[in-house]
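> prediction below, plus the sequence it came from.
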Amino acid sequence: MPRERKNPIPEIVILFGKRIKQLRIERKMSQMDVGAALGIDRENIRKYEKGLQEPKLSTIVKFAELFQVDFNNLISK
């Protein structure tokens, strides 16, 4: 049985996950590729993409640099 969350996942975390997954796929990168480039293990990349883990600000900046997009593009509607 899946574990229930005490607090709902913030919408911005879900949006961030969808955006990084879209950018990763557009660039034909695997989760392993992204993880290696950022120094993050593949399991954490998966959690970010699924909206299960809230990234630190420094991690969001790393993703923006890797994908060469504006930071705000990853976190705004």
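Looks like it arrived, so ask away. Residues are numbered from 1 along each chain as shown.
> now I14: which helix or strand?
helix 11-26 (DSSP states H and E).
> average pLDDT for the helix or strand following that helix?
As assigned by DSSP H and E, the chain's next helix or strand after helix 11-26 is helix 31-38. The average pLDDT within helix 31-38 is 97.
> check stretch 13-23 too.
On average, stretch 13-23 scores 96.
> and it, what's buried?
Going by neighbour count (16 or more other C-beta atoms under 10 Å), the buried part of stretch 13-23 is 13, 16-17, 19-21, 23. The way it works is simple: take the backbone N, C-alpha and C, and place the C-beta from them, glycine included.
> who's in contact with that stretch?
34, 45, 48-51, 53-55, 60, 63, 67, 69, 73-75, 77 (C-beta atoms under 8 Å, 6 or more residues apart in numbering).
> if we go to 6 Å?
48-51, 54, 63, 67, 74-75 (C-beta atoms under 6 Å, 6 or more residues apart in numbering).
> out of these, the closest to K28 would be?
F67 (12.4 Å; C-beta to C-beta).
> looking at that closest one now. What's its pLDDT?
97.
> going forward, the N-terminal residue is numbered 273.
I'll keep to 273 as the first residue from here, and by that count the last item is F339.
> done for today, thanks.
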